[in-house]
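In: Got a sequence here, can you build the structure:
(2 chains, ligands or ions: 5)
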Amino acid sequence: MPRSWATENKPHRFCPGCGHPLALKALGEAVDDLDIQGRVIFGCDIGCSLLAWDFFNLDSVQTHHGRTIPVMVGMKRARPGLICVAYMGDGGGYAIGAQHLVSAALRHEQITVLLANNSIYAMTGGQMAPTTLPGQKTETTPFGRDPEKTGRPTRGPEMARLLGGEGVYAARGTVANVRQLKNYVKKALRHQMEGRGFSFVEALSTCPTNWRTGAAETWEWVEKKMPAEFPLGEFGGDAPDGRASRPESVLREGGGEG
Amino acid sequence: MPGKDFAAHKYVDGRGVFYLFPALCKGCGLCLEKCPVDTIGWTERTGFLGTSTPAPGFGDPCIACRLCEFVCPDCAIRIDKIAPDKTRVH
Ligand SMILES: Cc1ncc(C[n+]2csc(CCOP(=O)(O)OP(=O)(O)O)c2C)c(N)n1
Ligand code: SF4
Ligand code: SF4
Ligand code: SF4
Ligand SMILES: [Mg+2]
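Out: Ligands and ions are numbered 1, 2, ... in the order given. The predicted structure is shown next:
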């Protein structure tokens, strides 16, 4: 268990096989490696991310749906010495709180956002989210998501990098590779600590409860189906010369023909 | 940090000592699917939710890669590598 996790209230409240605690393992290990436990403020959203309000031995706050980014921005502006981390789901970040993500990236707010993308509104019982995969069945798309009617899935890190340009560190990892995810989170935290601007890491995550998947199918979803729609990697911001550490063409790739 | 103590089921298999913490394991099965040598299987010993807990010994010997430990969302597994026996003559 990462040192920064609070052991007293484990086992935690997430369902069996949930990806949220794996994303929080990556965050916990990143905080441990950087030895910054005393300076980090952890904010969680509404949605299943709220189940983490007492997850860490960190000062923590739980906010309204989609509002964790502005709450963290306020804290950072008031106390620039703090390291502020906003944690949320894909519904909170890309639908209900999308304007805050856009504004924070445009204004280069000096905070770090970690977003667990499970392609669904999980806490409310599995409705379609902006990230729902084409063809994915949810409570509100019983015949599968039709991109003709509802568009293609939102690609958050690409969007944040396009909006903010240089000065934005953006990356997408996966709970299937916690070590890589931890490295992205560490780079994002360092980006904030060095005052280089906004940092954003998306973690492809699992929700066996609403996907209605067993373990083998859960891995198949997060390791094969999701990366086909959401490419893994870094989208600029960390190279010492300021250039994107992946080709800009990735950013322009768009959402396919759909 | 005042921590909780978690008692473990201890198994020795191949290159690894496999510790399973029944007070944390939720029986999700993610570890079973990830093991590259398929050594993890279900036992009759239950975790705190009443679900079966996993253990090694069902496939090829454990290679102590720790993948099961990394993918467990509940930190219910710890793997210790058994140091190779340097005194043995091959
Ligand atoms: C302003 C507002 N709109 C809607 C809701 C209802 N609501 C609660 S959780 C949730 C979905 C959360 O989905 P996501 O952010 O993806 O998190 P997840 O549960 O999937 O981790 C919604 C729509 C709310 N609480 N507040
Ligand atoms: S409903 Fe899904 S996202 Fe929420 S705790 Fe359960 S598995 Fe995790
Ligand atoms: S991954 Fe962890 S919680 Fe799930 S069955 Fe294996 S040990 Fe138990
Ligand atoms: S350490 Fe590797 S080989 Fe051993 S049980 Fe875990 S996943 Fe399997
Ligand atoms: Mg979600």
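
In: got a list of what residue A:35 touches?
Out: Contacts for residue A:35 (Cβ atoms under 8 Å, 6 or more residues apart in numbering or on different chains) come out as none. Just so you know, the C-beta spots here come from the backbone N, C-alpha and C atoms, and that holds for glycine as well.

In: contacting residues for the one residue sitting closest to the centre of chain B?
Out: Closest to where the C-alpha atoms of chain B average out (Cα atoms, centre = their mean) is residue B:18, at 3.8 Å. Residue B:18 makes contacts with B:10-12, B:55-56, B:62, B:68, B:77, B:79, as judged by Cβ under 8 Å, 6+ apart.

In: hmm, try it at 10 Å
Out: Contact analysis of residue B:18 by Cβ atoms under 10 Å, 6 or more residues apart in numbering or on different chains lists B:8-12, B:31, B:39-40, B:54-57, B:62, B:64, B:68-69, B:77-80.

In: Same check on residue B:34?
Out: A:176, A:215, A:219, A:223, B:40, B:65, B:67-68, B:70-72.

In: What is the burial count for residue A:54?
Out: Residues near residue A:54, counting by other Cβ atoms under 10 Å in any protein chain shown, number 15.

In: Give me the distance between the residue nearest to it when sequence neighbours are not counted and residue A:44.
Out: In space, and not counting its chain neighbours, residue A:54 is closest to residue A:9: 5.5 Å by Cβ to Cβ, 6 or more residues apart in numbering or on different chains. Here residue A:9 is placed at a distance of 14 Å from residue A:44 (Cβ to Cβ, to the nearest Å).

In: out of these two, which sits in the busier spot?
Out: residue A:44 (28 against 12).

In: What residues does chain A have near ligand 5?
Out: A:89-91, A:118, A:122 (Cβ under 5 Å from the ion).

In: could you pull out the strands for chain B?
Out: B:9-13, B:16-20, B:41-46, B:52-55, B:77-81 (DSSP state E).

In: Please apply the same query to chain A.
Out: Under DSSP E, chain A gives strands at A:40-44, A:59-62, A:83-89, A:112-117, A:169-174, A:199-204, A:233-234.

In: Distance from the last one to the middle of the chain?
Out: Between the centre of strand A:233-234 and the centre of its host chain there is 13 Å, according to Cα atoms, centre = their mean, to the nearest Å.

In: in chain B, what residue is nearest ligand 2?
Out: Relative to ligand 2, the nearest point of chain B is residue B:73 (8.8 Å; Cβ to the nearest ligand atom).

In: Could you verify my assumption that that residue touches residue A:26?
Out: No - contact between residue B:73 and residue A:26 fails when scored by Cβ atoms under 10 Å: they sit 11.5 Å apart.

In: between these two, what contacts are shared?
Out: Contacts common to residue B:73 and residue A:26, judged by Cβ under 10 Å, 6+ apart, are A:175, A:178.

In: Any figure for the gap between residue A:186 and residue B:64?
Out: 25 Å.

In: now swap in residue B:8 and tell me
Out: Residue B:8 is 16 Å from residue B:64, by Cβ to Cβ.

In: repeat for residue B:75
Out: Taking Cβ to Cβ, one finds residue B:75 at 18 Å from residue B:64.

In: When those two are compared, which one has more neighbours?
Out: residue B:75 (22 against 17).

In: ok, and the closest non-adjacent residue to that one?
Out: residue A:1 (4.5 Å).

In: and what of residue A:64?
Out: Nearest non-adjacent residue to residue A:64 (Cβ to Cβ, 6+ apart): residue A:46, at 6.4 Å.

In: Look at that neighbour and say how many residues are nearby.
Out: Neighbours of residue A:46 using other Cβ under 10 Å come to 21.

In: Quick one: residues contacting it.
Out: So residue A:46 contacts A:62-68, A:88-89, A:91-92, A:96-97, A:123-124 (Cβ under 10 Å, 6+ apart).

In: mind showing which ranges of the stretch 51-200 of chain A have poor pLDDT?
Out: For the stretch 51-200 of chain A, applying pLDDT under 70 flags no range at all.
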